[in-house]
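Trainee: build the 3D model from these lines:
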Amino acid sequence: GNVMIWDYKTSIVKSSKLSELPVRCAKFIARKQWVLATSDNMRMRIYSYNTMEKVNVFEAHSDYIRSMEVHPLLPYILLSSDDMTIKLWDWDRGF
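Mentor: Residues are numbered from 1 along each chain as shown. I've put the predicted structure just below:
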């Protein structure tokens, strides 16, 4: 799947192919300058917004990840999956 970052005034800013499988969720974390993305391979990928190079990738669930939320102030990412779990990840502790 592809991730495309848009500027509503000027059109596409960045585009990157992340996986052969569909990208299901993506978020931008301004305070870290990260783009987070999940796809049907059960992994969460973290990319540098500036270079689109991988910062980290890990298997986050044992089934498809369906949603992702980022805490507005704390270093937490919440993921839910078809494996019937909701996981809280802390990037300050290395996920």
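
Trainee: what about Leu78, helix or strand, and which?
Mentor: Assigned by DSSP states H and E, Leu78 falls within strand 76-81.

Trainee: assign a three-state SS to the nearest residue to Phe28 once chain neighbours are set aside, would you?
Mentor: Excluding its sequence neighbours, the residue lying closest to Phe28 (Cβ to Cβ, 6 or more residues apart in numbering) is Val35, at 5.6 Å. Every C-beta, even on glycine, is put in place using the N, C-alpha and C of the backbone. Here Val35 is recorded as strand under DSSP: H, G, I helix; E, B strand; the rest coil.

Trainee: now do the strand holding Leu78: distance to the chain's middle.
Mentor: Centre-to-centre, strand 76-81 and its host chain are 10 Å apart (Cα atoms, centre = their mean, to the nearest Å).

Trainee: contacts made by that strand with the rest, please.
Mentor: For strand 76-81, contacts defined as Cβ atoms under 8 Å, 6 or more residues apart in numbering pick out 27, 36, 38, 42, 44, 60-71, 86-91.
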